[in-house]
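[1] Could you look at this predicted model? Sequence included:
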Amino acid sequence: MELPTSPCGAYGVQVLIAGRQKHWRDEVSSQIRRAGFAATTVDCGVDAMTVLALGLPVDVLVTDVSLQGKLCCLKLAQEARALRPDLRIVFASDLGLQPDEDASDPIDTLFEGDLPQHARAGLLAVRRIDHVASTVWDALRSAS
């Protein structure tokens, strides 16, 4: 297994998982731990920002695209990047668990608009939560 080329601390790769639904957080954190990473879970964007503001080690933020509240998924990503410009962020959806839903894909709208290239660096999206761990690996490899 190839080691990630990231500035991971003495505690290994630290992944912060922000999602409103417990089953989603449990599934993602289980995957992350099986991949050999440490996982911290929170159920809202405000708690995720608290973890980041306290200076706790976080290499990758995984956020549910359906995260709502004062800090929805996109606002959380913007605020997290403002605080930690090199933070890798993975937007994840649980669409793989809800195939009958007739809603539009929220991931399609994440990268619309004119984001400068430097703002897109380290941002990845995954449509199925069973691919989150491999997407975290990709995020770590893409960091420079």
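    Yes, it's here.

[2] quick one: the strands in this protein?
    14-18, 38-42, 60-64, 88-92, 123-126 (DSSP state E).

[3] Throw those strands into CSV and include mean pLDDT, mean neighbour count and distance to Ala139, thanks.
    C-beta: built from backbone N, CA, C; applies to glycine. Output for the strands of the chain, formatted as CSV (pLDDT from 0 to 100; neighbours: other C-beta atoms under 10 Å; distance: least, C-beta to C-beta, whole Å):
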stretch, mean pLDDT, mean neighbour count, distance to Ala139
strand 14-18, 96, 25, 10
strand 38-42, 96, 18, 14
strand 60-64, 94, 26, 5
strand 88-92, 91, 25, 4
strand 123-126, 72, 19, 5
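
[4] mind listing what the residue lying closest to Arg33 once chain neighbours are set aside touches?
    Once flanking residues are discounted, Arg33 sits nearest to Ala39: 5.6 Å by C-beta to C-beta, 6 or more residues apart in numbering. Residues in contact with Ala39, defined by C-beta atoms under 8 Å, 6 or more residues apart in numbering, are 15, 17, 28-29, 32-33.

[5] would you list the strands of the chain in a markdown table and tack on distance to Leu76?
    Converted to a markdown table, the strands of the chain look like this (distance: least, C-beta to C-beta, whole Å):
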| stretch | distance to Leu76 |
| --- | --- |
| strand 14-18 | 6 |
| strand 38-42 | 10 |
| strand 60-64 | 6 |
| strand 88-92 | 9 |
| strand 123-126 | 12 |
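
[6] All good on my end, thank you.
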